[in-house]
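Task: produce atomic coordinates for the following.
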Amino acid sequence: MQRERLYFYLALAGAMLLLLLGSAREPVARENAGLLALPFRKAAKRLRRLLPGQLRRQERVRQELWLLDPASSQQDAENLCIDQLANALLVLFLADLLAILVFAGTAGSADLEGREIARDGYGGDAKEVTLKAIPSGEAFDLTVHAKTYTKEQADALEQELAPKLRKRIAGDNPDLLHVRHNLNLVRKVEGYPFRITWSATSYAHLDTDGTVHAEDIPQDGSESLVLTAALSLDGRHWEERFPVVLLPEELEKEQAFQKSVEQAAKEAEEESRSSGKVVLPEKAEGTALSWQQVLSDESLSVFLLCAAAAVLVYAGGNRDLAGKVRRREQELARDYPQLVTKLALFLGTGMAVRNVFRRIGDDYLDKRNKGGEKQYVYEEVLVLCRELENGVPEGAAYSKFGSRCGLRCYTRLCSLLVQNLRKGNAELLQRLQEEADTAMAQRKDTARKLGEEAGTKLLVPMILMLVVVMVMITVPAYLGFAF
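Residues are numbered from 1 along each chain as shown. Predicted coordinates for the structure are as follows:
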């Protein structure tokens, strides 16, 4: 499995290198990328021609950029798409290289010098070590416990609990004299306050957790042992012994040798628990052994994590652009009442509609030159003024203005202006004033809704602050009563 994983990493790295080499002559703007990112921008440009749907996505990005900035070009949209794909390719390539390095550093096995494994000190934790014996070749897990102090055996066992323990620990076996399945070495018995620990006269075919290795027993024999339950309570100790007979299970020759190797390693670990190292056996069933510790392979986790980061980098560009478009729509809706109010105000002075837009655009330019902020609705007004100056028919210019803004309120406003051009409408000023009043009322309703939503969002922090205040008041008071 590890070898196939390495082949996958190398194949991916080879494919990426072929893509980079094959894209070396792609023409791209060097000022848009650094020395490291430039090859990936070339690869991204080449890859876009091979991937289906990229042209449609580029057209969608161009339309969104055009909404944000009418001066943006097709080349700007292409550069944005190339940058997103190049960033994803760069992260994926680095992820693959990092996975290969982690594989080289963690996967495989390492020879154990002196057949020794270091234990944790007294009070430490047990650790799982993956071992492989030569010539056995199969890896298995060995639990290496921490250094422990010797304990005196309990000298008595509470007789009342013995019958229940005998039935409970048998588990799926008919009784303790015919054991083929794992034993249920309970630590507690309901109704009794004793803490129970278990020991056995032999661990050749029985683990400390009750796991039975009946497959190691010869087919023509059995394994007899005595299982001891040590009960402790308030510093007092009791013991009860249970005779156990383990019955054999058929095994093939290779499996029997593997199990003998594992058992020999476990016996060596148990015999040297009071020392700081585990000395592994030299032989098993007369066969000389050399040992290797199988190291864990963390490269796949690193690769998947970094590959997920590459996907997020690619998708992040789309979310950022969509967020800008959404904020533009919110700003257009917010500024609509102000625009309609200005139109009604200037039309009331007798100015023509196109002159009103020119006046609004000039005022906005003066404000921008003095350091004012950019406002999308007035940027669209400037585009409208330039179209009128370039000879675009007035009705068509108003229709385009409404289409660019994209909101229903602007479409309704442009319909009033176009209708005034075609048929003449003496009530245009009154209609605009009514539209301004309606838009202002809608803006107030929107502001009230946003305020209510903000209050709801602040409810959780307020509850958390209340809990903190209650803790600050209650804990000192409780401590004062306690002392």
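
Return the distance of the one helix or strand residue 473 maps to from the chain's centre.
Using DSSP states H and E, residue 473 maps to helix 459-482. Relative to its parent chain, helix 459-482 has a centroid offset of 34 Å by C-alpha atoms, centre = their mean, to the nearest Å.

same thing with stretch 333-349?
On C-alpha atoms, centre = their mean, the centre of stretch 333-349 falls 49 Å from that of its chain.

buried residues in it?
Going by neighbour count (16 or more other C-beta atoms under 10 Å), the buried part of stretch 333-349 is 333, 335-344, 346-347. Bear in mind the C-beta positions are built from the backbone N, C-alpha and C, glycine included.

between those residues, which is nearest residue 382?
residue 339 (12.8 Å; C-beta to C-beta).

Isn't the closest one up against residue 360?
Yes. Proximity of residue 339 to residue 360 meets the contact threshold set by C-beta atoms under 8 Å, at 7.5 Å.

Need the overlap of contacts for the two.
residue 381 (C-beta atoms under 8 Å, 6 or more residues apart in numbering).

Give me the below-cutoff pLDDT ranges for the stretch 351-483 of the chain.
Applying pLDDT under 70 to the stretch 351-483 of the chain flags residues 423-426, 481-483.

So what does residue 288 look like in phi/psi?
phi -70, psi 140 (degrees, to the nearest 10).

Domain parsing of the protein, as residue ranges.
Each domain of the chain is listed here as a residue range: 2-106, 113-294, 326-459, per automatic domain parsing.

Going by residue numbers, what spans are helices in the stretch 351-483 of the chain?
353-369, 376-389, 394-405, 408-423, 428-457, 459-482 (DSSP state H, counting those that start in this stretch).

ok so, going back, any chance of the domains of the chain in JSON lines, with distance to residue 469 too?
As requested, the domains of the chain are arranged in JSON lines below (distance: least, C-beta to C-beta, whole Å):
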{"stretch": "domain 2-106", "distance to residue 469": "45"}
{"stretch": "domain 113-294", "distance to residue 469": "40"}
{"stretch": "domain 326-459", "distance to residue 469": "16"}
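
closest to residue 471 out of these?
Nearest of those (C-beta to C-beta): domain 326-459, 19.0 Å.

Show me how far the closest one is from its chain's centre.
45 Å.

want to throw the helices of the stretch 351-483 of the chain into a markdown table with distance to residue 180?
Listed next are these as a markdown table, based on distance: least, C-beta to C-beta, whole Å:
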| stretch | distance to residue 180 |
| --- | --- |
| helix 353-369 | 88 |
| helix 376-389 | 79 |
| helix 394-405 | 81 |
| helix 408-423 | 78 |
| helix 428-457 | 63 |
| helix 459-482 | 56 |
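
of all the ones you listed, which lies closest to residue 265?
Once the helices of the stretch 351-483 of the chain are compared by C-beta to C-beta, helix 459-482 is nearest, at 52.5 Å.

what's the angle between that closest one and helix 428-457?
30 degrees (axes from the mean of the first three to the mean of the last three C-alpha atoms, to 10 degrees).

Please save the CA atoms from helix 459-482 in PDB.
This file holds the C-alpha atoms of helix 459-482, laid out as PDB (Å, rounded to 0.1, in the frame of the first residue of the first chain):
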ATOM      1  CA  LEU A 459     -28.000  38.100  21.700                       C
ATOM      2  CA  VAL A 460     -25.500  35.200  22.000                       C
ATOM      3  CA  PRO A 461     -22.500  37.500  23.100                       C
ATOM      4  CA  MET A 462     -24.800  39.200  25.600                       C
ATOM      5  CA  ILE A 463     -25.800  35.800  27.100                       C
ATOM      6  CA  LEU A 464     -22.100  34.800  27.300                       C
ATOM      7  CA  MET A 465     -21.300  38.100  29.000                       C
ATOM      8  CA  LEU A 466     -24.100  37.500  31.500                       C
ATOM      9  CA  VAL A 467     -22.700  34.000  32.300                       C
ATOM     10  CA  VAL A 468     -19.300  35.500  32.900                       C
ATOM     11  CA  VAL A 469     -20.700  38.100  35.200                       C
ATOM     12  CA  MET A 470     -22.700  35.500  37.100                       C
ATOM     13  CA  VAL A 471     -19.600  33.400  37.500                       C
ATOM     14  CA  MET A 472     -17.500  36.400  38.700                       C
ATOM     15  CA  ILE A 473     -20.200  37.100  41.300                       C
ATOM     16  CA  THR A 474     -21.100  33.500  42.400                       C
ATOM     17  CA  VAL A 475     -17.600  32.000  42.700                       C
ATOM     18  CA  PRO A 476     -16.200  34.500  45.200                       C
ATOM     19  CA  ALA A 477     -19.400  34.300  47.200                       C
ATOM     20  CA  TYR A 478     -19.300  30.500  47.300                       C
ATOM     21  CA  LEU A 479     -15.600  30.500  48.300                       C
ATOM     22  CA  GLY A 480     -16.400  33.000  51.100                       C
ATOM     23  CA  PHE A 481     -19.100  30.700  52.500                       C
ATOM     24  CA  ALA A 482     -16.800  27.700  52.200                       C
END
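
Could you count how many residues lie near residue 361?
Number of residues near residue 361 (other C-beta atoms under 10 Å) recorded here: 20.

Isn't it up against residue 382?
Yes. Residue 361 lies in contact with residue 382 (C-beta under 8 Å); the separation is 5.0 Å.

Is residue 232 in a helix, a strand, or coil?
Following DSSP: H, G, I helix; E, B strand; the rest coil, the label given to residue 232 is strand.

And the strands in the chain, which stretches?
For the chain, the strands defined by DSSP state E occupy 109-111, 116-118, 127-134, 139-144, 195-200, 223-233, 236-246, 277-279, 283-284, 287-288, 290-294.

I'd like the ones you listed as a markdown table, with mean pLDDT, distance to residue 68 and mean neighbour count appended.
A markdown table is the format used below for the strands of the chain (pLDDT from 0 to 100; distance: least, C-beta to C-beta, whole Å; neighbours: other C-beta atoms under 10 Å):
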| stretch | mean pLDDT | distance to residue 68 | mean neighbour count |
| --- | --- | --- | --- |
| strand 109-111 | 57 | 57 | 12 |
| strand 116-118 | 77 | 62 | 16 |
| strand 127-134 | 77 | 56 | 16 |
| strand 139-144 | 80 | 58 | 15 |
| strand 195-200 | 85 | 70 | 16 |
| strand 223-233 | 82 | 75 | 18 |
| strand 236-246 | 81 | 77 | 17 |
| strand 277-279 | 84 | 67 | 17 |
| strand 283-284 | 82 | 73 | 14 |
| strand 287-288 | 84 | 75 | 12 |
| strand 290-294 | 81 | 56 | 17 |
